[in-house]
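1. just to be clear, the model below is a prediction. Sequence and coordinates:
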Amino acid sequence: MTGTTSGGRLDLPRYARTDAALRTPLSYSDYRSTGLRAPLRTPVDLPHRLTEVTRPLLGEDRVRPEDADLTRRLGGEAVGQRIIVHGRVLDGDGRPVPHTLVEVWQANAAGRYRHVVDNWPAPLDPHFDGLGRVMTDDQGRYEFLTIRPGAYPWRNHDNAWRPAHIHFSLFGRAFTQRLVTQMYFPDDPLFFQDPIFTSIPEAARPLAISRFDYERTVDHWALAYEWDIVLRGSDQTPFETEDDGDVA
Amino acid sequence: MTRLQPTPSATVGPYLAIGLTWEGGEFVVPPGTPGAVWLRGTVFDGNGDPVSDAMVETWQADPDGRFDHPDDPRGSARYPGFTGFGRAQTVPDGDYAICTLKPGRVPDGEGGLQAPHVDVSVFARGLLDRVVTRVYFADEAEANAEDVVLQGLPEDRRQTLIATPTDDGYRLDLYLQGDRETVFFAV
């Protein structure tokens, strides 16, 4: 082994573990599909070693400029309210996460996904596939042009509707920071009955909701929403090592 | 220093294939790479039924136990085309398959070595966050016996993480629930 300090010690970054009271729980009985899928045993704490503090270097070769524009696909323009969705990817220390892959997917304006198992009777849009990819810039910023997704029904409970949302997938700079989540729109009247939204602890729900951003709207073109995404930050709890000696 | 609260996770839902499908995502090394093995398995729910709409992601060191990442001061350069990262969906039978090189032993940062392992994330409808586990290898008994994470688990639970050799690589089934529930980790 090379590149290690004496004794083979590596000075690895440590990532903060999120307070359980602010994390989405795995088991949530109102969301029926968790019933047979959420593990029931208490997870075991995994120390943050090299595998956990590194991550795949992905992106540049997987992302084309047109992937940031979901409104022009398959030779035409998607139907719906054109919106700019933008924001920053930050870590819990407030530092931007530059050059990281952001993947999004969403339903069309009528609330229909282009997917074989989505067969509710809302029209597909021949010019909307619902897929976007972008890399954050050197300030951690990202931006997509898309259409506002529609709400749609599902079978979780009687008259169940998902509030409009966009799925986001992020890698950050470490395996510990991997995040898949959903972005919602302000003041959606469907929040109260949606178990995927209400599974989020109340104190964390505002973080899942985008902000209408009049400043970024474009005259005669598009409305705009801003949504910052925060990945886990460093663990700053002090700890003692055998090298610390007697420090008063 | 500013402390920001992390964005809460949400399920990938049933339509993850729209956003997260990559052609060849299951190839951590290009097809035909000498020494490549297939890591295969099935994801099961609490009824013992295959989970046919999940996604399995893998992340691992190269055969020398190194990572191509700024936080690994040693780097990784000897395996062209090796990304360390695999992504496979379990459509349509609950089966996943990743084509990779077996990882080497990875320093634990405190002077010791971990056994060869692959970090795994499972995403699915009905999982409000990813679940994380590790794959170890049955033919690494000596290294496994020295691995602090593995040895920290009760013997019967340890077995849920150990992939067995097959004709073309290794196999490990993942049980989200039940008597054989896989050991999942909090990271």
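-> On my side now, so go ahead.

2. center of chain B - which residue?
-> The geometric centre of chain B, computed from its C-alpha atoms, lies nearest to B:Val120 (Cα atoms, centre = their mean), at 2.6 Å.

3. I figured it hits B:Glu57, correct?
-> Yes: using Cβ atoms under 8 Å, B:Val120 is in contact with B:Glu57, at 7.0 Å. Yep, even glycine has a C-beta here, placed from its N, CA and C like the rest.

4. so who does B:Val148 touch?
-> Counting by Cβ atoms under 8 Å, 6 or more residues apart in numbering or on different chains, B:Val148 touches A:Pro47, B:Asp108, B:Gly112, B:Gln114.

5. if you rank those by neighbours, which is first?
-> When neighbours are taken as other Cβ atoms under 10 Å in any protein chain shown, the top entry among the contacts of B:Val148 is B:Gln114 (27 neighbours).

6. dump the residue contacts of that one.
-> So B:Gln114 contacts A:Arg49, A:Thr51, B:Arg105, B:Val106, B:Pro107, B:Asp108, B:Ala143, B:Asp147, B:Val148, B:Val149 (Cβ under 8 Å, 6+ apart).

7. partner residues bridging it?
-> Beta bridges link B:Gln114 to B:Val106 when assigned by DSSP bridges.

8. would you map the strands across chain B?
-> Counting by DSSP state E, the segments of chain B that form strands are B:37-44, B:54-60, B:85-89, B:95-100, B:106-107, B:113-114, B:118-124, B:131-137, B:162-165, B:169-171, B:174-175, B:185-186.

9. what's the answer for chain A, then?
-> Taking DSSP E as the test, the strands found in chain A are A:44-45, A:72-73, A:76-77, A:82-91, A:101-105, A:131-135, A:141-147, A:152-154, A:160-162, A:165-170, A:179-184, A:211-212, A:223-226, A:229-231.

10. ok so, going back, nearest to B:Arg87 among the contacts of B:Val148?
-> Comparing these against B:Arg87 with Cβ to Cβ places B:Gln114 closest, at 23.2 Å.

11. among the contacts of B:Val148, which are in helices?
-> Using DSSP state H, no member of these sits in helices.

12. and the two most separated of those?
-> A:Pro47 and B:Gly112 (11.7 Å).

13. hmm, back to that, just the contacts of B:Gln114 now: which is nearest B:Ile98?
-> Nearest to B:Ile98 among those, counting by Cβ to Cβ, is A:Thr51 at 15.3 Å.

14. show me the shaky parts of chain B.
-> B:1 (pLDDT under 70).

15. before we move on, the earlier item: quick one: the strands of chain A as CSV, columns for distance to A:Thr18, mean pLDDT and mean neighbour count too.
-> Formatted as CSV, the strands of chain A follow (distance: least, Cβ to Cβ, whole Å; pLDDT from 0 to 100; neighbours: other Cβ atoms under 10 Å in any protein chain shown):
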stretch, distance to A:Thr18, mean pLDDT, mean neighbour count
strand A:44-45, 13, 96, 14
strand A:72-73, 36, 96, 16
strand A:76-77, 40, 98, 12
strand A:82-91, 12, 98, 22
strand A:101-105, 20, 97, 24
strand A:131-135, 25, 97, 20
strand A:141-147, 22, 98, 21
strand A:152-154, 28, 97, 16
strand A:160-162, 25, 98, 18
strand A:165-170, 15, 98, 24
strand A:179-184, 11, 98, 23
strand A:211-212, 22, 98, 14
strand A:223-226, 23, 98, 19
strand A:229-231, 10, 98, 23
